[in-house]
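**Student:** pasting a predicted model and its sequence here:
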Amino acid sequence: MIQKTLMSKAQLQKRQKFIIVMIILLILLVVTFFISMNTGASKLSPFEVFQTLLRQGTNRQNLVLFEFRLPRIVISVLVGIGLAISGCILQSISRNALAEPGILGINSGAGLGVMLFISFVPAGALELSLFLPLFAFCGALITAGIIYAFSYKRGEGISPTRLILTGIAIAAGINAAMIVLTLRLTPENYQSIAVWMAGNIGISSWKNVVALLPWLIILLPIVLLKTRVLNVLDLGDQHAIGLGTSIERERLFLLGSAVALAGASVSVSGSISFVG
């Protein structure tokens, strides 16, 4: 009885700590959001920002806030959410705290998909940014499939160490292929892909937000429903099987979700590592 009481108190304290941390992070996010709207090359005072949000600002203020700053801020938040959740999934699947889309080569695979799109689509059609997440997802999915195939061993499942090493090797190979592909790009397309590869949200627009948002709206609720499965997988394969979890099916499903989140995020922000 005493042991149960101690466990319940520990769980309550852990939950309270989690809630406090989330509230603090949310406040920091909101504060940063408003500071970002006020700062920049063309400064706007807090009053001017508030006035512009009410559609009472000048043409210059509307342009700066609605066309330049807000899309970049929103994309930063959405990409951060997508990459962070993707990294969380990959860490649970691999049981390795270093696992994240950049290290495992998923970002590189998404980048290869985007580069192929830019290489074979006429320059005038590059405004079709809605297709970028789809091509990035295909590239990331193929890459994840190759990594999974090389990391899986019958009777043992996935080795966390083998997964990381395979991901690093595949990422190196893809990066080499991307360098070769840049030789056939036009100067205009090369400039676009060079900026993208460096990771850049400075040219983000509402089109990028529209391209990324549906992926997050669809995938985030699905991943949240699988949080208990992630916790079980984090215990190890034997414990997960003992609790009645179909580990291979769940692992493949969660891997696909992580790949989709990472690919869609990378397609609009460029290859940003370590966020996951």
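**Tutor:** Happy to help now that I have it.

**Student:** the stretch 151-276 of the chain: strands as residue ranges?
**Tutor:** 152-153, 157-158 (DSSP state E, counting those that start in this stretch).

**Student:** ok, longest helix in this structure?
**Tutor:** helix 2-38 (DSSP state H).

**Student:** next SSE downstream of that helix?
**Tutor:** Downstream of helix 2-38, the next assigned helix or strand under DSSP states H and E is helix 46-53.

**Student:** which stretch in the strands of the stretch 151-276 of the chain has the least confidence?
**Tutor:** Confidence, taken as mean pLDDT, is least for strand 157-158 of the strands of the stretch 151-276 of the chain (a mean of 66).

**Student:** sorry, back to before: and the angle from the longest helix of the chain to helix 46-53?
**Tutor:** In terms of direction (axes from the mean of the first three to the mean of the last three Cα atoms, to 10 degrees), helix 2-38 departs from helix 46-53 by 90 degrees.

**Student:** who are the packing partners of helix 2-38?
**Tutor:** Secondary-structure packing of helix 2-38 (3 or more Cβ pairs under 8 Å, 6 or more residues apart in numbering; DSSP states H and E): helix 46-53, helix 70-94. C-betas here are computed from N, CA, C, even on glycine.

**Student:** most neighbours per residue, which of those helices?
**Tutor:** Compared across the helices and strands packed on helix 2-38, helix 70-94 shows the largest average neighbour count, a mean of 21 (mean count of other Cβ atoms under 10 Å).

**Student:** averaged pLDDT, that helix. What do you get?
**Tutor:** 87.

**Student:** ok now the very next helix or strand once past that helix, how far from the chain's centre?
**Tutor:** Next along the chain after helix 70-94, taking DSSP H and E as the criterion, comes helix 106-120. Centre-to-centre, helix 106-120 and its host chain are 15 Å apart (Cα atoms, centre = their mean, to the nearest Å).

**Student:** on that earlier part again, nearest to residue 205, of the helices and strands packed on helix 2-38?
**Tutor:** Ranking these by proximity to residue 205 (Cβ to Cβ) places helix 70-94 first, at 5.1 Å.

**Student:** where does pLDDT dip in the stretch 1-150 of the chain?
**Tutor:** Along the stretch 1-150 of the chain, the model assigns pLDDT under 70 to residues 1-8, 121-130.

**Student:** before we move on, the earlier item: and the longest helix of the chain, what's buried?
**Tutor:** residue 37 (16 or more other Cβ atoms under 10 Å).

**Student:** any idea which residue is closest to the centre of the protein?
**Tutor:** residue 83 (2.2 Å; Cα atoms, centre = their mean).

**Student:** so who does that one touch?
**Tutor:** Counting by Cβ atoms under 8 Å, 6 or more residues apart in numbering, residue 83 touches 100, 101, 261, 262, 265, 266, 272, 275, 276.

**Student:** which of these lies closest to residue 184?
**Tutor:** Closest to residue 184, out of all of these and judged by Cβ to Cβ, is residue 266, at 21.9 Å.

**Student:** from residue 210, how far off is the closest one?
**Tutor:** 17 Å (Cβ to Cβ, to the nearest Å).

**Student:** between the two, which one's more packed in?
**Tutor:** Of the pair residue 266 and residue 210, residue 266 is the one with more neighbours under other Cβ atoms under 10 Å, namely 34 against 12.

**Student:** no more questions from me, cheers.
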